[in-house]
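> Here's my sequence, what's the structure:
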Amino acid sequence: MTEMTMRRAHIGDHGTIVECVRTWWGDSRTPEQARELSLLLPRLFLQFFSGTSLVLEDTGRIRAFLVGFYAADNDDEAYIHFVGVDPELRGRGVGRELYTAFLRRAAEAGRREVRAITSPGNTGSVAFHRAMGFTVEPGDREVDGLSVHSDYDGPGQHRVCFLRRIADSPSPQRA
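From the prediction side, this is the model:
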């Protein structure tokens with residue numbers, strides 16, 4: 001594997017990132033489901049939050065990305081919206097590298113906590129967030145023993161909500 005370079009995202013990355021989502025999730029979803037997943041990344045995220053979003057690339061090719069932003073309504077919070085890692089690189093610490101960089105930058109910007117969400121059935125994401133030091137925020141129901149927030153993203157779209165305090169927080173544990 002060649003050495004990867006981390007950089008802030010650019011609005012011009014949008015089309016490539018959308019195509020990455022459609023391709024990288026194609027092994028676990030139908031083409032229609034992968035397309036629907038890519039709709040979670042409209043251009044506005046890179047238009048308005050490219051400075052807080054990250055890309056890992058090698059030889060000019062995007063291999064992983066993190067779309068995140070700092071809350072506009074308060075100075076304490078940041079949010080990780082979407083992360084993607086090329087299937088060839090999964091399990092090699094690439095997601096951890098992106099999260100660690102985002103957490104560090106958010107702390108440097110004075111943010112004290114970072115939030116993220118995932119679907120209750122995404123057990124890999126739940127395990128990853130916990131390994132990164134995120135805690136599950138209490139919801140209003142349980143799904144398979146996991147606290148969730150009902151209808152968080154609309155009717156039937158329950159989500160697990162995570163919180164990671166970053167002010168004076170310990171380093172994440174290895175998964």
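
> how about the helix or strand bottoming out on mean pLDDT in the chain: buried residues?
Lowest mean confidence among the helices and strands of the chain (mean pLDDT, DSSP states H and E): helix 31-38, at a mean of 88. Across helix 31-38, burial judged by 16 or more other Cβ atoms under 10 Å covers 34, 37, 38. Where C-beta positions appear, they are placed from N, C-alpha and C, glycine not excepted.

> between these, which is nearest residue 153?
Distances from residue 153 to those, taken as Cβ to Cβ, are shortest for residue 37 (12.6 Å).

> helices or strands up against the least confident helix or strand of the chain?
helix 14-24 (3 or more Cβ pairs under 8 Å, 6 or more residues apart in numbering; DSSP states H and E).

> Relative to the whole chain's centre, how far out is the helix it packs on?
Helix 14-24 has its average C-alpha position 15 Å from the chain's average C-alpha position, going by Cα atoms, centre = their mean, to the nearest Å.

> pLDDT on it, on average?
In this model, helix 14-24 has an average pLDDT of 95.

> Tell me the helices and strands packed up against that helix.
Packing partners of helix 14-24 (3+ Cβ pairs under 8 Å, 6+ apart): helix 31-38, strand 61-70, strand 77-85.

> Sketch out the helices for this structure, chain order is fine.
In the chain, the helices defined using DSSP state H lie at 14-24, 31-38, 44-49, 94-108, 123-131.

> Which one of those lies nearest to residue 141?
Nearest to residue 141, of all these, is helix 123-131, at 15.6 Å by Cβ to Cβ.

> Give the buried residues for that closest one.
125, 126, 128, 129.

> got JSON lines for those, with pLDDT and distance to residue 141 too?
Output for those, formatted as JSON lines (pLDDT from 0 to 100; distance: Cβ to Cβ, whole Å):
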{"residue": "125", "pLDDT": "94", "distance to residue 141": "19"}
{"residue": "126", "pLDDT": "96", "distance to residue 141": "16"}
{"residue": "128", "pLDDT": "96", "distance to residue 141": "22"}
{"residue": "129", "pLDDT": "97", "distance to residue 141": "19"}
